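Participant: just to be clear, the model below is a prediction. Sequence and coordinates:
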Number of protein chains: 2
Amino acid sequence: MGVTIYDVAREAGVSMATVSRVINGSANVKPSTRKKVLRVIEELGYRPNAVARGLASKKTTTIGVILPDISSVFFAELARGIEDIATMYHYNIILTNSDQNIDKELKLIGNLLEKQVDGLLFLGSQVTEEHRRLFKSPVPVVLVATQDPKGELPSVHIDVRQAAYDAVSYLLKKGHRRIAFLSDRLSTSLGRGRYEGYRQALAEGGVEVDETLIVEVPPHYEAALKGMKTVLALQPRPTAIFAASDELAIAAVHAVQDAGLSVPDDVEVIGFDNTRIAQMVRPMLTSVVQPMYDIGAVAMRLLTKLIQNEDVPTKTVVLPHRIEFRQSTRPA
Amino acid sequence: MGVTIYDVAREAGVSMATVSRVINGSANVKPSTRKKVLRVIEELGYRPNAVARGLASKKTTTIGVILPDISSVFFAELARGIEDIATMYHYNIILTNSDQNIDKELKLIGNLLEKQVDGLLFLGSQVTEEHRRLFKSPVPVVLVATQDPKGELPSVHIDVRQAAYDAVSYLLKKGHRRIAFLSDRLSTSLGRGRYEGYRQALAEGGVEVDETLIVEVPPHYEAALKGMKTVLALQPRPTAIFAASDELAIAAVHAVQDAGLSVPDDVEVIGFDNTRIAQMVRPMLTSVVQPMYDIGAVAMRLLTKLIQNEDVPTKTVVLPHRIEFRQSTRPA
DNA sequence: CTGAAAGCGCTAACAC
DNA sequence: GTGTTAGCGCTTTCAG
């Protein structure tokens, strides 16, 4: 590198402190000297060293983001929401993938803390006691699309259970009694929400849960396609499918079609997340809308407030969900 | 925070230097004192401050990544490749979105340089002189899925022109004479590659370019769908479509179907990138495979070498491409 | 094998 | 308005 604040100070005939002031936009600088300093900065091509600044100020203007997998449409969209707001508030984000692996998550949290991030955004499966211990760090943490069963940590998400409940209730109201549930993550907190909503809706609808209609598959299209074949072979066959994600829902649609049946005439399908692909398949997918971008954006905004010690009325923000009706369900 | 290297040193009855040595795994420490220090570190819950370390060592073990839009499947997949290798070599990545906006790109480069990243990965449209000036920084830069017309900067990519050429040649070989080209970015370097390949193939196939068959649309499904309607209304109608991305290709497929025609019987369609959605639509999409994950991984690996001053035989690595044949084209 | 000491480049009181 | 002076928490010679 080379040119430091000291070089600028010398060249401009002022002290480092003054240079620091103009860099940081402090008001207490005479316009003429500010101008002079600015010119020297320009001439020398000076670029403040953020690491040195971070050490001195104890602020890095970077925040750490831990998510399961950036290559998933869902998290990628969310990450974009985070990054946009971060940029708006002059933060950078360090992006890390955890693959929902708890050990990795823990390691990443430690790693990011060492890097002195000003805050942490955590999107994961569960929040264990070990997580909590690390989160009792000097920097604020916001859970994103992740629920804290204990409700201790700030978080931003939709009411997944209610959303699932709504979707399944809708199906019940249309007369369906054999509704399959296709999931790739029953065990995680997000997966559980969907599962609970499904059961609750059935219970309130007076339909007994048939465990054979509940299918857990690895999180890819191919696995879901295979899993659905089994379910569709059941007698009596399910007449509706509630899937935990759009990708699974699309697999469900194709499985139905491969069985020589029609969506939505023979089987209705509802997906979850309303990712972009929902409208890129035919029939277009009816899906529970989870406002991913907004969840990320709101979470990041909340984090900035926490970092700046602004008082936040409610640390748990639940964003609204809804169902986007398209062609994989019949008009009500 | 609180506990520093100094605290550990005092508590363990050694000097900071020794603590530093055990942290950094230096060989020259007596096993017994190493053990003692390690125990104290554990007891105190000491966590080295990476910022201080960065200032002293002039290495941050973080690298900057500039890409157009993480919410795009293509870049998300690529980012995952980058991050995996980065993790493997103990680097973190700062992820930034440029929206292909040159001013933003320039600002981001400066920003990341200030943060003292150890290296830069740039995925963008063009490399202007201004870019070059900034890239003459003290840290290595690798272009990712981005070509440097001048071939000065290290880069990792496929031969996009050749790939497009191959796809269009394939179509020509099957007898097609009216091949539409659907693109969302004729003007960018990547877009241009596809365009050039298209023209070259036509030229060599003895088919004159019909400008009305070349459609540029905004980069979304809906826009592409609309754009294709016009093209399909042409007389004589195109019998094949080469699309610059899978999303565009899917729109093309649907436009064909909406016109009451069949893919691939009436119109054959080839996409580009072979993203996951290619196999999630029916008919499944024939697509030019661009190994996104690998491109990211190889680029990151190359960057680590450059950072460590290992000598790199060729700074421009061209990864192989191929066409994955599925149902949107007829068997040859 | 270990310690002392000099920075790394900046911010933040505190004076003037 | 501006300068002086301590650090921030670590790495890194250089001695011994």
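Facilitator: Structure's in. What do you need?
Participant: what residues does the stretch 1-150 of chain A have near DNA strand C?
Facilitator: When proximity is defined as Cβ under 7 Å from any atom of the strand, the stretch 1-150 of chain A approaches DNA strand C at A:1, A:4-6, A:16-17, A:20, A:23-24, A:46, A:48-49, A:52-53, A:55-57. Just so you know, the C-beta spots here come from the backbone N, C-alpha and C atoms, and that holds for glycine as well.
Participant: beta partners for A:Leu182?
Facilitator: Using DSSP bridges, the beta-bridge partners of A:Leu182 come out as A:Val215, A:Ala243.
Participant: surely it and A:Lys226 touch.
Facilitator: No - between A:Leu182 and A:Lys226 there is no contact under Cβ atoms under 8 Å: 11.4 Å.
Participant: joint contacts of the two?
Facilitator: A:Val217 (Cβ atoms under 8 Å, 6 or more residues apart in numbering or on different chains).
Participant: more neighbours: which of these two?
Facilitator: Neighbour count, other Cβ atoms under 10 Å in any protein chain shown: between A:Leu182 and A:Lys226, A:Leu182 has more, with 28 against 15.
Participant: list the contacts for the more buried one?
Facilitator: With contact set as Cβ under 8 Å, 6+ apart, A:Leu182 has these partners: A:215, A:217, A:224, A:227-228, A:231, A:241-244, A:248-249, A:251-252.
Participant: 7 Å - rerun?
Facilitator: Counting by Cβ atoms under 7 Å, 6 or more residues apart in numbering or on different chains, A:Leu182 touches A:215, A:224, A:227-228, A:241, A:243-244, A:248, A:252.
Participant: keep these, but drop any that are not near DNA strand D.
Facilitator: Near DNA strand D, by the rule Cβ under 7 Å from any atom of the strand, you find none of these.
Participant: columns neighbour count on top of those residues, output as CSV?
Facilitator: Listed next are the contacts of A:Leu182 as CSV, based on neighbours: other Cβ atoms under 10 Å in any protein chain shown:
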residue, neighbour count
A:Val215, 24
A:Ala224, 27
A:Gly227, 22
A:Met228, 28
A:Ile241, 31
A:Ala243, 31
A:Ala244, 30
A:Leu248, 29
A:Ala252, 31
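Participant: which pair in these spans the largest distance?
Facilitator: Using Cβ to Cβ, the contacts of A:Leu182 span at most 12.6 Å, a distance reached by A:Met228 and A:Ala244.
Participant: can I get stretch A:183-203 in CSV? Just the C-alpha atoms.
Facilitator: Taking Å, rounded to 0.1, in the frame of the first residue of the first chain, the C-alpha atoms of stretch A:183-203 are listed here in CSV:
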residue,chain,number,x,y,z
SER,A,183,-41.0,-32.2,3.5
ASP,A,184,-37.3,-32.2,3.4
ARG,A,185,-36.7,-31.1,6.9
LEU,A,186,-39.1,-32.3,9.5
SER,A,187,-36.5,-32.1,12.1
THR,A,188,-35.5,-28.5,11.8
SER,A,189,-37.3,-25.6,13.4
LEU,A,190,-38.7,-24.4,10.1
GLY,A,191,-39.7,-27.8,9.0
ARG,A,192,-41.4,-28.4,12.3
GLY,A,193,-43.5,-25.3,11.9
ARG,A,194,-44.9,-26.6,8.7
TYR,A,195,-45.5,-30.0,10.2
GLU,A,196,-47.3,-28.6,13.2
GLY,A,197,-49.5,-26.4,11.0
TYR,A,198,-50.3,-29.4,8.9
ARG,A,199,-51.3,-31.5,11.9
GLN,A,200,-53.2,-28.7,13.6
ALA,A,201,-55.3,-28.0,10.5
LEU,A,202,-56.1,-31.7,10.1
ALA,A,203,-57.0,-32.0,13.8
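Participant: nice, that's everything, thank you.
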